[in-house]
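Trainee: need the 3D shape of this:
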Amino acid sequence: MKVRTAALGVALAATSLLAGCASGAAAPHGAATRPGEMPAGMVMPDGSTMAPGSPGTAPSAAARMICSAETRNDIAAILSVAPAPDPAATWRGGTYTCTYRLPSGTIVLSVHESPDGATAAAYTSGQRKAMPGAHDLAGLTPIAFGTPDGLLVLRKDDDTLRVDTTALAPRSDPRYRHRAEFGYEIAAVILGCWTGG
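Mentor: Sure thing, here's the model as predicted:
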(Lines give C-alpha, C1' and ligand atoms only; values in the text may rest on other atoms or scores of the structure.)
Protein backbone atom coordinates (compact mmCIF):
# COMPACT_ATOMS: atom_id res chain seq x y z
CA MET A 1 0.00 0.00 0.00
CA LYS A 2 2.84 2.43 0.86
CA VAL A 3 4.51 1.83 -2.53
CA ARG A 4 1.24 2.40 -4.41
CA THR A 5 0.53 5.62 -2.46
CA ALA A 6 4.08 6.88 -3.02
CA ALA A 7 3.89 6.04 -6.74
CA LEU A 8 0.57 7.87 -7.03
CA GLY A 9 2.01 10.93 -5.31
CA VAL A 10 5.05 10.92 -7.56
CA ALA A 11 2.89 10.49 -10.67
CA LEU A 12 0.72 13.43 -9.63
CA ALA A 13 3.80 15.58 -9.06
CA ALA A 14 5.16 14.59 -12.48
CA THR A 15 1.93 15.70 -14.14
CA SER A 16 2.73 19.31 -13.29
CA LEU A 17 6.04 19.03 -15.17
CA LEU A 18 4.45 17.80 -18.40
CA ALA A 19 3.00 21.15 -19.44
CA GLY A 20 6.00 22.10 -21.57
CA CYS A 21 6.55 18.71 -23.24
CA ALA A 22 4.88 19.59 -26.49
CA SER A 23 7.07 22.61 -27.04
CA GLY A 24 10.24 20.88 -25.82
CA ALA A 25 9.57 17.67 -27.72
CA ALA A 26 9.04 19.35 -31.05
CA ALA A 27 12.73 19.74 -31.82
CA PRO A 28 15.10 18.77 -29.01
CA HIS A 29 18.62 20.08 -29.51
CA GLY A 30 17.51 21.95 -32.61
CA ALA A 31 16.54 18.80 -34.52
CA ALA A 32 14.79 19.74 -37.73
CA THR A 33 11.37 18.27 -38.41
CA ARG A 34 9.30 18.49 -41.56
CA PRO A 35 5.57 19.21 -41.67
CA GLY A 36 3.65 16.01 -40.98
CA GLU A 37 6.74 14.18 -39.66
CA MET A 38 6.58 12.35 -36.35
CA PRO A 39 9.21 10.18 -34.63
CA ALA A 40 8.60 6.42 -34.55
CA GLY A 41 6.64 5.35 -31.50
CA MET A 42 4.89 8.67 -30.95
CA VAL A 43 1.14 8.36 -30.40
CA MET A 44 -1.10 10.06 -32.95
CA PRO A 45 -4.51 11.58 -32.12
CA ASP A 46 -6.33 8.40 -33.21
CA GLY A 47 -4.17 6.28 -30.85
CA SER A 48 -2.09 4.63 -33.57
CA THR A 49 1.70 4.80 -33.65
CA MET A 50 4.28 5.35 -36.36
CA ALA A 51 5.78 2.30 -38.03
CA PRO A 52 8.99 1.12 -36.44
CA GLY A 53 12.26 1.88 -38.09
CA SER A 54 15.78 0.58 -37.88
CA PRO A 55 18.15 2.26 -35.47
CA GLY A 56 20.06 4.66 -37.65
CA THR A 57 23.32 6.49 -37.54
CA ALA A 58 21.84 9.01 -35.11
CA PRO A 59 19.32 8.74 -32.27
CA SER A 60 15.67 9.46 -33.00
CA ALA A 61 13.96 12.64 -31.84
CA ALA A 62 12.17 10.58 -29.16
CA ALA A 63 15.49 9.27 -27.81
CA ARG A 64 17.04 12.74 -27.85
CA MET A 65 14.31 13.94 -25.48
CA ILE A 66 16.31 12.54 -22.55
CA CYS A 67 18.92 15.28 -23.11
CA SER A 68 16.53 18.02 -24.25
CA ALA A 69 16.24 21.41 -22.58
CA GLU A 70 12.80 20.36 -21.33
CA THR A 71 14.19 17.25 -19.60
CA ARG A 72 17.10 19.24 -18.14
CA ASN A 73 14.62 21.76 -16.72
CA ASP A 74 12.38 18.98 -15.39
CA ILE A 75 15.31 17.30 -13.61
CA ALA A 76 16.30 20.67 -12.13
CA ALA A 77 12.72 21.14 -10.87
CA ILE A 78 12.40 17.58 -9.54
CA LEU A 79 15.70 17.76 -7.65
CA SER A 80 15.43 21.47 -6.77
CA VAL A 81 18.79 22.32 -8.35
CA ALA A 82 19.81 25.44 -10.23
CA PRO A 83 20.88 26.01 -12.87
CA ALA A 84 19.49 23.19 -15.00
CA PRO A 85 22.17 20.50 -15.45
CA ASP A 86 24.14 20.24 -18.71
CA PRO A 87 24.40 16.52 -19.53
CA ALA A 88 26.98 14.60 -21.56
CA ALA A 89 25.48 12.50 -24.38
CA THR A 90 26.71 9.45 -26.29
CA TRP A 91 25.25 7.30 -29.11
CA ARG A 92 26.60 3.74 -29.37
CA GLY A 93 25.12 0.49 -30.62
CA GLY A 94 21.58 1.82 -30.88
CA THR A 95 21.66 3.29 -27.36
CA TYR A 96 21.53 7.02 -26.68
CA THR A 97 22.83 7.83 -23.19
CA CYS A 98 22.59 11.09 -21.31
CA THR A 99 24.63 11.48 -18.11
CA TYR A 100 23.70 14.22 -15.65
CA ARG A 101 26.45 15.04 -13.13
CA LEU A 102 24.88 16.90 -10.22
CA PRO A 103 26.13 18.07 -6.82
CA SER A 104 24.03 15.29 -5.25
CA GLY A 105 25.37 12.55 -7.56
CA THR A 106 24.84 11.22 -11.06
CA ILE A 107 21.70 10.35 -13.01
CA VAL A 108 22.09 8.30 -16.20
CA LEU A 109 19.23 8.16 -18.70
CA SER A 110 19.39 5.97 -21.79
CA VAL A 111 17.13 4.93 -24.64
CA HIS A 112 17.88 1.75 -26.56
CA GLU A 113 16.28 1.78 -30.01
CA SER A 114 15.33 -1.61 -31.45
CA PRO A 115 14.33 -2.27 -35.07
CA ASP A 116 11.02 -3.93 -34.07
CA GLY A 117 8.83 -4.92 -31.15
CA ALA A 118 10.17 -8.47 -30.84
CA THR A 119 13.76 -7.25 -30.64
CA ALA A 120 12.73 -4.60 -28.11
CA ALA A 121 10.95 -7.24 -26.01
CA ALA A 122 14.05 -9.47 -26.02
CA TYR A 123 16.30 -6.53 -25.10
CA THR A 124 14.02 -5.48 -22.24
CA SER A 125 13.80 -9.08 -21.00
CA GLY A 126 17.59 -9.21 -20.88
CA GLN A 127 17.64 -5.98 -18.89
CA ARG A 128 15.25 -7.48 -16.35
CA LYS A 129 17.33 -10.64 -15.97
CA ALA A 130 20.34 -8.44 -15.20
CA MET A 131 18.43 -6.66 -12.40
CA PRO A 132 18.07 -9.02 -9.42
CA GLY A 133 15.30 -7.88 -7.13
CA ALA A 134 13.44 -5.96 -9.86
CA HIS A 135 9.71 -5.61 -9.35
CA ASP A 136 6.92 -4.50 -11.69
CA LEU A 137 6.01 -0.81 -11.60
CA ALA A 138 2.44 0.40 -12.10
CA GLY A 139 1.41 3.59 -13.84
CA LEU A 140 4.05 3.78 -16.57
CA THR A 141 3.83 1.18 -19.38
CA PRO A 142 2.77 -2.48 -19.35
CA ILE A 143 6.48 -3.40 -19.31
CA ALA A 144 8.03 -1.33 -16.51
CA PHE A 145 10.14 -2.55 -13.62
CA GLY A 146 12.63 -1.21 -11.14
CA THR A 147 14.83 -1.91 -8.15
CA PRO A 148 14.54 -0.34 -4.70
CA ASP A 149 17.96 1.31 -5.10
CA GLY A 150 16.86 3.44 -8.07
CA LEU A 151 17.23 1.55 -11.36
CA LEU A 152 14.14 1.64 -13.60
CA VAL A 153 13.49 0.22 -17.08
CA LEU A 154 10.40 0.54 -19.26
CA ARG A 155 9.54 -0.34 -22.84
CA LYS A 156 7.42 1.84 -25.12
CA ASP A 157 6.99 0.49 -28.64
CA ASP A 158 10.52 -0.20 -29.97
CA ASP A 159 12.29 1.98 -27.38
CA THR A 160 13.59 0.89 -23.98
CA LEU A 161 14.11 3.69 -21.45
CA ARG A 162 16.52 3.12 -18.57
CA VAL A 163 16.68 5.58 -15.66
CA ASP A 164 19.57 5.02 -13.24
CA THR A 165 19.49 7.07 -10.04
CA THR A 166 21.58 4.60 -8.01
CA ALA A 167 24.52 7.05 -7.80
CA LEU A 168 22.31 9.87 -6.53
CA ALA A 169 22.92 10.70 -2.87
CA PRO A 170 20.06 9.83 -0.51
CA ARG A 171 18.06 12.96 0.30
CA SER A 172 16.08 14.14 3.26
CA ASP A 173 13.53 15.88 1.01
CA PRO A 174 10.15 14.97 2.55
CA ARG A 175 8.56 14.55 -0.90
CA TYR A 176 10.77 11.54 -1.68
CA ARG A 177 11.89 8.76 0.62
CA HIS A 178 14.01 6.88 -1.91
CA ARG A 179 16.14 7.48 -5.01
CA ALA A 180 13.75 5.14 -6.81
CA GLU A 181 10.99 7.74 -6.41
CA PHE A 182 13.13 10.33 -8.22
CA GLY A 183 13.72 7.82 -11.01
CA TYR A 184 10.01 7.05 -11.26
CA GLU A 185 9.14 10.72 -11.57
CA ILE A 186 11.80 11.31 -14.25
CA ALA A 187 10.55 8.26 -16.20
CA ALA A 188 6.94 9.47 -15.91
CA VAL A 189 7.87 12.89 -17.29
CA ILE A 190 9.79 11.43 -20.25
CA LEU A 191 7.04 8.91 -20.97
CA GLY A 192 4.47 11.70 -20.84
CA CYS A 193 6.46 13.60 -23.45
CA TRP A 194 6.77 10.47 -25.63
CA THR A 195 3.01 9.93 -25.58
CA GLY A 196 2.07 13.54 -26.10
CA GLY A 197 1.63 14.53 -22.42
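
Trainee: what's the span of stretch 126-144, first residue to last?
Mentor: Distance across stretch 126-144, first residue to last, is 13 Å (C-alpha to C-alpha, to the nearest Å).

Trainee: mind listing what's buried in it?
Mentor: Buried positions in stretch 126-144, judged by neighbour count with 16 or more other C-beta atoms under 10 Å: Gln127, Met131, Ala134, Leu137, Leu140, Ile143, Ala144. Heads up, the C-betas are built off the backbone N, CA and C, glycines and all.

Trainee: next: stretch 72-83.
Mentor: Result for stretch 72-83 [16+ other C-beta under 10 Å]: buried residues Arg72, Asn73, Asp74, Ile75, Ala76, Ala77, Ile78, Leu79.

Trainee: my read is the second one is in a helix, agree?
Mentor: Yes - counting by DSSP: H, G, I helix; E, B strand; the rest coil, one finds Asn73 located in a helix.

Trainee: just checking, it touches Pro85?
Mentor: No - between Asn73 and Pro85 there is no contact, the gap being 9.5 Å when judged by C-beta atoms under 8 Å.

Trainee: Thr97 should be in a strand, yeah?
Mentor: Yes - looking at Thr97 with three-state DSSP, it is inside a strand.

Trainee: report pLDDT for it.
Mentor: At Thr97, the pLDDT value in this model is 98.

Trainee: can you name the residues bridging to it?
Mentor: Beta bridges link Thr97 to Thr90, Ser110, judged by DSSP bridges.

Trainee: surely it and His112 touch.
Mentor: No - using C-beta under 8 Å, Thr97 is not in contact with His112; the gap is 9.3 Å.

Trainee: please enumerate the strands of the chain.
Mentor: Secondary structure of the chain (DSSP state E): strands located at 88-92, 95-102, 105-113, 135-136, 143-146, 151-156, 159-168.

Trainee: what lines up beside the last one in the sheet?
Mentor: Taking DSSP bridges as the criterion, strand 159-168 forms sheet pairs with strand 105-113 (antiparallel), strand 151-156 (antiparallel).

Trainee: let me see the mean pLDDT of the longest helix along the chain.
Mentor: Determined from DSSP state H, the single longest helix within the chain is helix 179-194. The pLDDT scores in helix 179-194 average 91.

Trainee: what angle do that helix and strand 105-113 make?
Mentor: If you take axes from the mean of the first three to the mean of the last three C-alpha atoms, to 10 degrees, helix 179-194 sits at 40 degrees to strand 105-113.

Trainee: run through the residues that contact the closest residue to Gly133 other than its chain neighbours.
Mentor: Leaving aside its sequence neighbours, Gly133 sits nearest to Thr147 (C-beta to C-beta, 6 or more residues apart in numbering; 5.3 Å). Going by C-beta atoms under 8 Å, 6 or more residues apart in numbering, Thr147 touches Met131, Pro132, Gly133, Ala134, His135, Thr166, Ala180.
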